[in-house]
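Student: Just the structure for this:
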Amino acid sequence: MKSTISQKAGFLAPAVLSTGFLPSEGAASAIAGYTERVTPTAGPASKGTAKNVGLFLAAPFIGLAYMVALPFVAIAMLAWVVGKALAASPSACKAGRFVRNAALFLAAPFIGLAYLVALPFAGLVMLARLSAKAALAAPATA
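Tutor: This next block holds a predicted model:
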């Protein structure tokens, strides 16, 4: 497995590429000329360089996003643990059901208002679709 990693690196001599290990000092005399390192030739910048530069420039913003998100993640984790503990209690389930019903009761007028505003637009879209379908299905008369 090490030989394939060394081969992908592309900078070690053939003895190292075949075994994956550097030869010891005693083996260096037996394998003459295979202990030196081969320097890579200068070539065009690889795609990895642009990616690394991009990650280097984006790293502070990624860190900032983690710092901003950390309190919200902590609150969500705390709510999850508390919710699991409350779900185990039957009296807490009754209280949770009451809170849910109260929240739905308070949200109902706003949900109704959203439907009242959105339904005329939905009706216009359905009417336009129906008329377009009828226009495309009608035979062309000259």
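Student: mind giving me the domain ranges of this structure?
Tutor: By the assignment in automatic domain parsing, the chain contains the domains 1-43, 47-88, 90-137.
Student: Just the helices from this structure, written as ranges.
Tutor: 2-9, 14-19, 25-30, 47-87, 90-137 (DSSP state H).
Student: and the third one, what's its mean pLDDT?
Tutor: The one in question is helix 25-30. Averaging pLDDT along helix 25-30 yields 50.
Student: same check, this time on the fourth one
Tutor: Mean per-residue pLDDT for helix 47-87: 92.
Student: From residue 58, how far off is residue 50?
Tutor: 12 Å (C-beta to C-beta, to the nearest Å). No exception for glycine: its C-beta is placed from N, CA and C like everyone else's.
Student: Then residue 74?
Tutor: 24 Å.
Student: Return the alpha-carbon coordinates of stretch 107-126 using CSV.
Tutor: Written as CSV, here are the backbone C-alpha positions of stretch 107-126 (Å, rounded to 0.1, in the frame of the first residue of the first chain):
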residue,chain,number,x,y,z
ALA,A,107,-51.6,31.2,14.8
ALA,A,108,-55.0,30.3,13.2
PRO,A,109,-55.9,33.9,12.3
PHE,A,110,-52.6,34.5,10.6
ILE,A,111,-52.8,31.2,8.7
GLY,A,112,-56.3,32.2,7.5
LEU,A,113,-55.0,35.6,6.4
ALA,A,114,-52.2,33.9,4.4
TYR,A,115,-54.7,31.7,2.7
LEU,A,116,-57.0,34.7,2.0
VAL,A,117,-54.0,36.5,0.3
ALA,A,118,-52.6,33.6,-1.6
LEU,A,119,-55.8,31.9,-2.9
PRO,A,120,-56.7,34.6,-5.5
PHE,A,121,-53.2,34.2,-7.1
ALA,A,122,-53.5,30.4,-7.1
GLY,A,123,-56.9,30.8,-8.8
LEU,A,124,-55.4,33.0,-11.5
VAL,A,125,-52.6,30.5,-12.1
MET,A,126,-55.1,27.7,-12.4
